[in-house]
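Undergrad: structure, please.
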Amino acid sequence: MLHKGTGAVRERIEQAVELCPPQYVSFGCYQMDGDGLALLVTKGKGDEQTSEKIAISGPFEILGRVRDPKGEGWARLLRWSDDDKRVHRHAVSDADLHGDISALCANLANRGLRIATDSKRRTHLVHYLNEAGVKNRITEVTTTGWHDIGTTKVFALPNQTIGSVTCETVIVQGATNAPFESRGILGDWQQGVGLLVAGHSRPMFAVSTAFAGPLLGLLGQEGGGFNLYGQSSRGKTTIAQAAASVWGKGDSPGFVRPWRSTANALEAAAALHTDTILVLDELGAVEAKEAAMSIYSLTSGTGKGRSKRDGSLRQSMAWRTMVLSTGEIRLTDKLIEGRLRSRAGQQVRLVDIPADAGRGFGVFDSGGAIDDPKALADQIKVAAQTSYGTAGPEFVRRLISEGIQADEIKAMIDAFRKNHAPIGADGQVLRVVDRFGLVAAAGELACVLKIVPWKQGEAMEASRRCFVAWCDSRGGMEAGEVQSAIAQVRLFIEQHGDSRFDSVVAQDRPVNNRAGWRKGEGSEREWLIPPEIWKFEVTVGHDPQMVPQVLVDRAMLRPGSDCNLCVERIQGTSRRVYAVTASILSEPDHE
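TA: As a prediction, the model looks like this:
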């Protein structure tokens, strides 16, 4: 059972703290007040004794002692105002107090804290920080989302912590520019985005995906994603904005990020979207190579390994998030555009869904109340930019207060699989089925917890329709490697079926760069390919032993006695070849 949330109470406490007078700490020979930190130096004795204040730095507070949930990475969280009255917070690690003092002071000065340049006075600043007594405790986490603080499970966001933690504050590292913000109240969002997307499969699915993020941590699952693709001006960006409004402003800049970023930048963004959703717009704008690198890392939740200055391995970033992408093309097409091979693992991690609902209204199932899809899209955009950031946090609060358990969520996912998984589907397909089931469960829970103004069953139906659309566009329930192998052999035959295949009967002019031989006509046509060409050209990148069996099972290759190799009499000589049949061209495309 999860503990009841106290997010609203915590927000009021934090606001009250902001209004309190600065809590300056003085001790020993150090005096801190509104003028700053000073060293008190006493000279002489008795009546001749005098005191002198030697300025060290501008005024700052020590808000608390910071460490991670494992009790490591100790630091002191400082707060001060610069000359423009902007408030700064910065954690000075205990390790930095034992390092280069000039670098430490330069870092603070760069953030607007006035510090003396004399080396002796800067040394006193380090002494002050090291010796000041601090009671408050702060846990610093590297990602948003679920964290175990002692025996309590809390949900950390840059602007609030949801869950009960006694005498403890939780902050998210590096979240200064995180896009989590809110405007209005939950009721405003419900009457805006929540109501406008109701009854439309793609928009409801997108919004449900935004609620699926917090369920990942409860289930202990890695993330995954969906790419809504289709022609421009069909409403893809609109539904991305609707989904983004669950956690922040439904706009860019806002909670919608552009795909056009480096893999490193996307990793940093993913860490700040753990257990929520990462919304990426316009897949077509990113380089194919960057997209290929990003898909695995964004959905697996682990960043690239990097070294420290001393050569030791730095701990990689980790996260767990749902990804919602939009684009005019499929991920598969994006990779082909960059002359990269589309791998099954990438297609399973970021699932391509046709954005067009097939009803004649683009991404919508109807024209809305006024029968005008463009006007409906405009209404959703305005709503996502005026009332936002309240539904996601409140969803988490109610998950906690209602004690929703992982078993309940898992049962909903299993029911979706039982009802909708195709018979005989490959394990890769079942993995995708479960992700659609997760989104369905999230949408239904949001309905039960009264976060969205939808009817029960609508989110489930929206997920079902999107899953069916994915199945139809995919063209089959085999493993992705199988579909890719068939497509690759078919492409080779289509490209070179006449130009690089000689006749089995001797000719005066043999073809250039021969790939094999051909015989028969029409439905009896066969292409005879020697093992070396088969391995290094036709099936390159695939298991050369797996592909023949796949084709034999589908009557696209005439079976042979030796690893499906046949012995053919070609131009007077017996040769071992793979005999590809004409069915390779008549079979429906599985890509």
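Undergrad: when you work out contacts or count neighbours from here on, use the C-alpha atoms and nothing else.
TA: Fine.
Undergrad: what about residue 419, how many residues nearby?
TA: Residue 419: 9 surrounding residues under other CA atoms under 10 Å.
Undergrad: helices or strands next to the helix or strand containing it in the packing?
TA: Per DSSP states H and E, residue 419 falls inside helix 406-420. Counting contacts by 3 or more CA pairs under 8 Å, 6 or more residues apart in numbering; DSSP states H and E, helix 406-420 is packed against helix 201-219, helix 427-448.
Undergrad: give me the contacts around the helix or strand just after the last one.
TA: Past helix 427-448, further along toward the C-terminus, the next helix or strand under DSSP H and E is helix 458-474. Helix 458-474 is touched from outside by 199-202, 204-205, 208, 351-354, 420, 433, 436-437, 439-441, 443-444, 477, 590-591, with contacts defined as CA atoms under 8 Å, 6 or more residues apart in numbering.
Undergrad: including distance to residue 292, mean neighbour count and mean pLDDT, could the helices and strands packed on helix 406-420 go into JSON lines?
TA: Shown next, in JSON lines, are the helices and strands packed on helix 406-420 (distance: least, CA to CA, whole Å; neighbours: other CA atoms under 10 Å; pLDDT from 0 to 100):
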{"stretch": "helix 201-219", "distance to residue 292": "22", "mean neighbour count": "26", "mean pLDDT": "97"}
{"stretch": "helix 427-448", "distance to residue 292": "19", "mean neighbour count": "23", "mean pLDDT": "95"}
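Undergrad: for those, give me CSV that also has distance to residue 233.
TA: CSV is the format used below for the helices and strands packed on helix 406-420 (distance: least, CA to CA, whole Å):
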stretch, distance to residue 233
helix 201-219, 15
helix 427-448, 25
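Undergrad: mean confidence score for the helix holding residue 419?
TA: Taken as a whole, helix 406-420 has a mean pLDDT of 96.
Undergrad: quick one: distance of that helix to the chain centre.
TA: Remark: helix 406-420 is offset 23 Å from the chain centroid, using CA atoms, centre = their mean, to the nearest Å.
Undergrad: now do stretch 558-567
TA: On CA atoms, centre = their mean, the centre of stretch 558-567 falls 46 Å from the chain's centre.
Undergrad: any buried residues in that stretch, and which?
TA: 558, 559, 560, 564, 565, 566, 567 (16 or more other CA atoms under 10 Å).
Undergrad: can you tell me what sits against it?
TA: Stretch 558-567 is touched from outside by 545, 548, 549, 552, 574, 575, 576, 577, 578, 579, 580, 581, with contacts defined as CA under 8 Å, 6+ apart.
Undergrad: make it 6 Å
TA: 552, 575, 576, 577, 578, 579 (CA atoms under 6 Å, 6 or more residues apart in numbering).
Undergrad: tabulate those (CSV), appending distance to residue 428, secondary structure and pLDDT.
TA: As requested, those are exported to CSV (distance: CA to CA, whole Å; DSSP: H, G, I helix; E, B strand; the rest coil; pLDDT from 0 to 100):
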residue, distance to residue 428, secondary structure, pLDDT
552, 22, helix, 91
575, 38, strand, 92
576, 34, strand, 93
577, 32, strand, 94
578, 29, strand, 95
579, 29, strand, 94
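Undergrad: show me which of the residues you listed is closest to residue 531.
TA: Using CA to CA, the shortest approach to residue 531 within those belongs to residue 577, at 6.2 Å.
Undergrad: now, among the buried residues of stretch 558-567, which is nearest to residue 74?
TA: Of all the buried residues of stretch 558-567, residue 564 has the smallest distance to residue 74: 64.2 Å, by CA to CA.
Undergrad: distance of the closest one from residue 208?
TA: Distance of residue 564 to residue 208, given as CA to CA, to the nearest Å: 48 Å.
Undergrad: quick one, grab the pLDDT at residue 294.
TA: For residue 294, the predicted pLDDT is 85.
Undergrad: what about it, how many residues nearby?
TA: When neighbours are defined as other CA under 10 Å, residue 294 has 22 of them.
Undergrad: how many other residues sit next to residue 141?
TA: Number of residues near residue 141 (other CA under 10 Å) recorded here: 21.
Undergrad: when you give positions from now on, start the count at 27
TA: Shifting the count to begin at 27 puts that one at residue 167.
Undergrad: please tell me how far the closest residue to it other than its chain neighbours sits from residue 89.
TA: The shortest distance from residue 167 to any non-neighbouring residue, by CA to CA, 6 or more residues apart in numbering, is to residue 198 (5.0 Å). Applying CA to CA, the value for residue 198 to residue 89 is 15 Å.
Undergrad: low-scoring pLDDT stretches of the stretch 177-326 of the chain, where are they?
TA: Judged by pLDDT under 70, the stretch 177-326 of the chain has its weakly predicted residues at 192-193, 202.
Undergrad: where along it do the strands fall?
TA: With strands called from DSSP state E, counting those that start in this stretch, the stretch 177-326 of the chain shows them at 178-183, 186-188, 195-198, 250-255, 282-284, 303-307.
Undergrad: pull the distance from the third one to the chain's centre.
TA: So that's strand 195-198. Using CA atoms, centre = their mean, the offset of strand 195-198 from its chain centre is 22 Å.
Undergrad: domains of this protein?
TA: 50-166, 213-332+341-500, 506-612 (automatic domain parsing).
Undergrad: closest to residue 191 out of the ones you listed?
TA: domain 50-166 (10.4 Å).
Undergrad: from the chain's centroid, how far away is the closest one?
TA: Counting by CA atoms, centre = their mean, domain 50-166 is centred 38 Å from the centre of its parent chain.
Undergrad: now swap in stretch 445-457 and tell me
TA: With CA atoms, centre = their mean, you get 24 Å for stretch 445-457.
Undergrad: what is the end-to-end distance of that stretch?
TA: Stretch 445-457 has its terminal residues 15 Å apart, counting by CA to CA.
Undergrad: re earlier: ok, of the contacts of stretch 584-593, which one's closest to residue 389?
TA: residue 578 (40.3 Å).
Undergrad: against residue 558, how distant is that closest one?
TA: Applying CA to CA, the value for residue 578 to residue 558 is 19 Å.
Undergrad: which one's more surrounded, those two?
TA: Between residue 578 and residue 558, residue 578 has the larger neighbour count (other CA under 10 Å), namely 17 against 11.
Undergrad: mind listing the helices for the stretch 77-226 of the chain?
TA: 127-136, 145-157, 212-215, 221-222 (DSSP state H, counting those that start in this stretch).
Undergrad: buried ones in the second one?
TA: Within helix 145-157, the residues that count as buried by 16+ other CA under 10 Å are 147, 148, 150, 151, 152, 154, 155.
Undergrad: now the residue lying closest to the fourth one once chain neighbours are set aside: how far from residue 58?
TA: This means residue 151. Distance criterion CA to CA, 6+ apart; nearest residue to residue 151, sequence neighbours excluded, is residue 82 at 6.6 Å. Relative to residue 58, residue 82 is positioned 10 Å away (CA to CA).
Undergrad: repeat that for residue 88.
TA: 11 Å.
Undergrad: one more: residue 217?
TA: In terms of CA to CA, residue 217 sits 51 Å off from residue 58.
Undergrad: looking at those two, which is more packed in?
TA: Between residue 217 and residue 58, counting by other CA under 10 Å, residue 58 is the more crowded of the two (21 against 14).
Undergrad: am I right that that one is in contact with residue 65?
TA: No - counting by CA atoms under 6 Å, residue 58 stays clear of residue 65, with 9.0 Å between them.
Undergrad: quick one: low-confidence parts of the stretch 427-576 of the chain?
TA: 501-506, 533-534.
Undergrad: ok, the nearest residue to residue 130 once chain neighbours are set aside to residue 56 distance?
TA: Among residues not flanking residue 130 along the chain, residue 122 sits closest, at 6.7 Å (CA to CA, 6+ apart). Between residue 122 and residue 56 the computed distance is 21 Å (CA to CA).
Undergrad: same deal with residue 282?
TA: Counting by CA to CA - residue 282 and residue 56 are separated by 48 Å.
Undergrad: which one of these two has more residues nearby?
TA: Neighbours per residue (other CA under 10 Å) separate residue 282 from residue 56, with residue 282 holding more: 26 against 20.
Undergrad: could you give the bridge partners of the closest residue to the more buried one other than its chain neighbours?
TA: Of all residues not flanking residue 282 in the chain, residue 305 sits nearest, at 5.2 Å (CA to CA, 6+ apart). Using DSSP bridges, the beta-bridge partners of residue 305 come out as residue 282, residue 350.
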